[in-house]
Structures are given as C-alpha cells and as structure tokens.
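no sequence for this one, just the structure:
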C-alpha cells in the first residue's frame with residue numbers, strides 16, 4: 001500500500017503573498033495567493049460540471065485573511081476579497097504546487 005504525501009508545514013506568507021507548503025516526502029512548493037484564488041476548487045470558480053470553469057482575473061494583489069482546517073484532509077482559505085467557499089485538499093494543493101514550478 002502506497003501512502004500519500006502528507007503536509008508537514010503550511011506557511012501563509014502575507015508579505016510575499018504566497019503559501020509555502022512542505023510534504024513529508026521532502027517536496028516543497030510555493031504557491032502565490034493569486035494562483036490559489038484563481039484556481040479555487042469552489043463551484044463558483046470550477047463550475048458544476050465539465051466545461052463550466054470560470055476564468056478569474058484581477059487577483060494579483062489578493063490576500064489571505066484566514067486558513068481554517070477541515071478535518072484532516074483540507075484547508076478552507078478565506079481571501080480578503082470575500083471568497084471562502086473552496087476547500088483545498090492536500091492532494092489539490094500538491095497538484096497546484098507541481099503545476100506552479
């Protein structure tokens with residue numbers, strides 16, 4: 001049985017406007033807040049089915065107000081533009097980090 005990489009550190013760097021996330025397998029990523037907001041897993045951004053994704057723009061200066069744990073599988077990120085409906089799973093954050101490098 002293969003274990004999934006598990007996050008060991010999440011650092012929301014407000015000055016740098018980026019999330020630094022490290023996993024127990026040694027991988028580490030920096031994901032800009034702009035990317036997190038534009039790629040939010042919420043239905044508001046992703047839509048309710050294939051081909052419904054909305055292109056979000058104008059988020060170059062978006063900040064993060066809060067990050068709330070959701071069980072042991074995700075974090076809810078509260079952005080300073082009021083968006084807070086996306087639940088970022090550890091797998092999805094890893095995917096965003098890998099895409100961003």
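Okay, I see it. In this text, all values refer to a predicted model and were calculated from it rather than measured experimentally.

and the next element down the chain from the helix or strand hosting residue 34?
Here residue 34 sits within helix 33-38, counting by DSSP states H and E. Moving toward the C-terminus from helix 33-38, the next helix or strand (DSSP H and E) is helix 43-46.

contact partners of the longest helix seen in the chain?
Longest helix in the chain, counting residues (DSSP state H): helix 90-100. Helix 90-100 has contacts (Cβ atoms under 8 Å, 6 or more residues apart in numbering) with 4-7, 19, 21, 23, 27, 29-32, 35-36, 39, 41, 73-75. Where C-beta positions appear, they are placed from N, C-alpha and C, glycine not excepted.

which of these fall in strands?
Applying DSSP state E to these, the entries found in strands are 7, 19, 21, 23, 29, 30, 31, 32, 74, 75.

I'd like the residues you listed as a markdown table, with distance to residue 100, pLDDT and neighbour count appended.
Shown next, in a markdown table, are the ones in strands among the contacts of helix 90-100 (distance: Cβ to Cβ, whole Å; pLDDT from 0 to 100; neighbours: other Cβ atoms under 10 Å):
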| residue | distance to residue 100 | pLDDT | neighbour count |
| --- | --- | --- | --- |
| 7 | 15 | 95 | 14 |
| 19 | 10 | 98 | 24 |
| 21 | 11 | 97 | 23 |
| 23 | 14 | 96 | 18 |
| 29 | 7 | 97 | 19 |
| 30 | 7 | 97 | 15 |
| 31 | 5 | 97 | 21 |
| 32 | 7 | 97 | 17 |
| 74 | 18 | 96 | 18 |
| 75 | 17 | 97 | 22 |
